[in-house]
Each structure stands twice: as structure tokens, then as C-alpha cells.
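*Asks:* following is a predicted model, sequence given first.
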Amino acid sequence: MKGLMARMFGIRILPICGAALLLLTACDDGPKQAEAARSAPPPEVGVVELQPQRVALAIELPGRTAAFRMAEVRPQVSGILQKRVFKQGAHVKAGDVLYQIDPNRYRAAYQRAEAELESAQAELRQAGREWARATKLLKRNAVSERQRDEAQAAREHAQAAVASAEAAVQTARIELEYTDVKAPIAGRTGPTLHTVGALVTANQAQPLARVVQLDPMYIDIQLPVEKLRRIRSSLKEGVTSEAGPDQAEVVLLLEDGAVYPHRGRVDVTDVTVNQSTSSVTLRAVFPNPDEDLLPGMYVRVRLSEGVRENAILAPQQGVSRNPHGEATALLVNAEGEVMARQLEAARAIGAFWLVEKGLEPGDRLIVSGLQKIRPGAKVKPFTADIPLRPAGNRQPGGTDSSATGSAEEADPVQ
């Protein structure tokens, strides 16, 4: 009986003793772990020291090419096409004959008008002689004043008939000239839409052909209203624009991403807003000497907003956003402690954020090792091996670099 009770109590006592031993061991290890944590070296973090720099601001937008001039060639008289003079797809000058319409009917009308003019002129000469004779006879009281007045009215009527005949001759001459259908502008012709022998009518709906001027070339750009306001606000705040506020420089990017070799400029800005897209249309002009651009092509344009002096650019890996969408960053102060900073950075330039507020020159921004630190912790900073300026950007007081160095805008990460 005693042995049974001892075994029973032994079974219950052993677990209790084991738990007590584990608890005592944990109590002994707690101070050791805390002491080990205090004696551990601070974590290493990569930092970059921010410096002001000169930044070329630009915005990238979609665009569509449009012909600088385009004229539809239509006949202004009716008749049968006798000849096509131009070569399809060739360059023509303004005034070059493109088509010839049968001129016989218009030539006959012109000759008839000239004959009617000669008849009217003869009647005018006769009316003049009658008026002169009536005037002399009136002085001798050989005719009445009424007869003299009738002679004068006949002369004036003959003068009006001559003027009408002259206008008819001019109209007939113009219509005869219109039988030679000429190019209204200089440019490249498209395919002919009517063949020789076709009957054409004056001012018909379908053109005979089209003439397009390809050099220079228009680029129609859709610019959101809020970005237009930002550009104007930047100019008011003193952001310098090397091309001038009304003629901002534009870089053209082709469909394959290649940079078009010629630079353009903004020519005009629409004064109305598209209600469906909340954007305005900017029209830029680009030289097109080799006719690489054709009307209707989809392109992207990089619109220069100007140059900002002493801008602060922060690498994107050193900037994060809190649940409210606000930009934040961690810095290292002179004592090696981590500090949290709230920023205003709504615009990306390449792999950098353009910081409006929150960072100053000389601040050390943490760009690596962010997962193992928190504000107030001691860290061991080292200089991170990352570029401090976007590729092709300009140094403060330096010279312009490659054309691809303009700052590009990206939508902020939310």
C-alpha cells in the first residue's frame, strides 16, 4: 500500500519538478539573452548622402501625327477627264497641273463671251456718238432736252452692258483655266481616285486625289488638365525653361522606342477641354526632312517642362508609403540613430523620387537593410553603391548631356 502510494505520488511530483526546473533555467537565461542583445553589434545599413542637383523636368505623353497641310483636289468645272499629268506618290509644287478636263466646251464659251463683249463695246461707242450729237443739237434748240436725256440713258445702258460682258469674259476665262486641275499646295500626292475618261462634276464630294505636305509634321498631344496646371505653376514658381514657356522643347519617341533625331516645339495649345477625357490638345511641330513620319502614326512625346535647380532626388528603394499613401523614409543622424521622416514626393524621375519637402542636402537616406531596423535603433551605416543621379542628368552648373537624359514622369506608387 505504501509502495503504491509512493509510486502514485512520484508520478505526480516528477512533472511538477521538471516544470519548475525549466522555469528556473529560463529565468537564468533571460538576463543573458538581454545582455547578449545589448552587446551585439548594431546592424549595418546602406545609406546615400543626398545632394542638390540640376534636373531637367519632362513629361511623357501619347501623341498622333497629323499632316502639316493636306488638300483634297476636286474639279471646279464639269467634264470628261482627258489626261492625268502627275505620277502617283510623287512630289508636286503648288500650281502644277495634275489633271486635264476636256476644255472644248469652255473654250467655246470663252470665245462667245469675247464676241458679246465686242458687240457691247460697239453699242457703247454708237451710244456715245448719239449722246454727243444730241448735246450739240440741244445748244441749237434742234432737239429737246428729253431726247438728249434719252441719248444719255442709252449711253449709260451701253456702259453697263460692256461691264457685264467683261465679267462674262472673265468668268469664261476662269472656267477655261479650271479645266487644268492644279495642285493647291506643295507636297506628296496620294493615289488617284479617278481614271482617264471618267466624268467629273464641279465640287463633287469625292476628291480626285490628295496632296499632303509632310515636312514639317504636326504631333497632336493629349495633355491632362491637372498636368497643364502643374506646368504653368512650375513656370510661375521660377522653374527655368530653356525653350521658353510658349515654345517648350519636345522629344519624339517612335513606336519601337527609338528617339527621333529632330527636336520639335509646341506650336499651339487648344483653348477648350475635352469633356470625356479632361484633357487639352497640344500641337507640336517637328521637322520631317526624310519623311520618316507619316500622318496617323502613334508616337510618344517627351515634353520639356523646364529645369529645376537644387532639386533633391531620393532613390526609390529608400522611400516607402504608409497605409495612408504618404511617402516616408528612414534616415541616419549624426549619432547613428534611425529617424523616420515624412516626405512630399509625388513624382518619379527614372529610379528616383523628386522630393518637394522632407529631405535636406546632406541627409543620409537608408536604402538597404530596412527590414531589420526601426526608428530610434542604433545602426552602423555604410555608403551604398548606387548612382546618385539619373542617367544623362545635368550636374549643378554643368552642361547639357545626351538627349535621353531628360527626366521622365511615372505615376506614383500607391
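*Replies:* All right, it came through fine.
*Asks:* any weak-confidence spans in the chain?
*Replies:* By pLDDT under 70, the weakly predicted segments of the chain are 1-39, 232-248, 391-414.
*Asks:* which residues in it form helices?
*Replies:* Secondary structure of the chain by DSSP state H: the helices cover 2-39, 104-139, 145-177, 225-236.
*Asks:* which residues sit against stretch 79-97?
*Replies:* Here stretch 79-97 makes contact (C-beta atoms under 8 Å, 6 or more residues apart in numbering) with 98-103, 105-106, 179-192, 194-200, 209, 211. (C-beta placed from N, C-alpha, C; glycine too.)
*Asks:* residues contacting Ala384?
*Replies:* By C-beta under 8 Å, 6+ apart, the residues touching Ala384 are Gly46, Val47, Val48, Val367, Ser368.
*Asks:* dig out what the closest residue to it other than its chain neighbours forms beta bridges with.
*Replies:* In this structure, Ala384 finds its nearest non-sequential neighbour in Gly46, 3.3 Å apart by C-beta to C-beta, 6 or more residues apart in numbering. Counting by DSSP bridges, Gly46 is bridged to Ser368, Phe382.
*Asks:* pull up the gap between Gly46 and Ile349, please.
*Replies:* Distance, Gly46 to Ile349, by C-beta to C-beta, to the nearest Å: 21 Å.
*Asks:* of those two, who's got more company?
*Replies:* Legend: neighbour count by other C-beta atoms under 10 Å for Gly46 and Ile349, higher for Ile349 (22 against 18).
*Asks:* wait, that one touches Leu313, no?
*Replies:* Yes - in this structure, Ile349 is within contact of Leu313 by C-beta atoms under 8 Å, at 6.4 Å.
*Asks:* overlap of the contact sets of those two?
*Replies:* Val55, Pro390.
*Asks:* just how off-centre is stretch 159-174 within its chain?
*Replies:* 52 Å (C-alpha atoms, centre = their mean, to the nearest Å).
*Asks:* excluding its own residues, what touches it? List them.
*Replies:* Residues contacting stretch 159-174 (C-beta under 8 Å, 6+ apart): 106, 109-110, 112-114, 116-117, 119-121, 123-124.
*Asks:* separate out the buried members of the residues you listed.
*Replies:* Tyr106, Ala109, Tyr110, Ala113, Glu114, Glu116, Leu117, Ala120, Gln121, Glu123, Leu124 (16 or more other C-beta atoms under 10 Å).
*Asks:* of those residues, which is the nearest to His324?
*Replies:* Taking C-beta to C-beta as the measure, His324 sits nearest to Tyr106 out of those, at 79.0 Å.
*Asks:* surely that closest one meets Val77?
*Replies:* Yes - counting by C-beta under 8 Å, Tyr106 does reach Val77; the two are 6.5 Å apart.
*Asks:* now do the shared contacts for those two.
*Replies:* Here Tyr106 and Val77 have Glu175, Tyr178, Thr179 as joint contacts, going by C-beta under 8 Å, 6+ apart.
*Asks:* so what's the residue count around Gln51?
*Replies:* Counted with other C-beta under 10 Å, Gln51 comes out at 14.
*Asks:* Ala327 versus that one, what's the distance?
*Replies:* 19 Å.
*Asks:* for the closest residue to Leu253 other than its chain neighbours, give the beta-bridge partners.
*Replies:* Nearest residue to Leu253, sequence neighbours excluded (C-beta to C-beta, 6+ apart): Arg300, at 4.3 Å. Here Arg300 sits in beta bridges with Pro62, Leu253, going by DSSP bridges.
*Asks:* residues contacting Arg300?
*Replies:* Glu60, Leu61, Pro62, Gly63, Leu252, Leu253.
*Asks:* tell me the most packed of those residues, by neighbour count.
*Replies:* Gly63 (24 neighbours).
*Asks:* do you know how far that one is from Ala284?
*Replies:* 8 Å.
*Asks:* which residues are in contact with each of the two?
*Replies:* With C-beta under 8 Å, 6+ apart as the test, Gly63 and Ala284 both reach Ile219, Ile221, Val301.
*Asks:* where's the last one relative to Ile59, distance?
*Replies:* Same thing as Val301. According to C-beta to C-beta, Val301 stands 9 Å off from Ile59.
*Asks:* between those two, which has more neighbouring residues?
*Replies:* A direct count of neighbours by other C-beta under 10 Å for Val301 and Ile59 places Val301 higher, at 24 against 20.
*Asks:* was I right to think the more buried one contacts Arg64?
*Replies:* No - look at Val301 against Arg64 with C-beta under 8 Å: they stay out of range, at 10.1 Å.
*Asks:* tell me the contacts of Pro287?
*Replies:* Counted by C-beta under 8 Å, 6+ apart, Pro287 has contacts Asp215, Pro216, Met217, His262, Gly264.
*Asks:* good, we can wrap up now.
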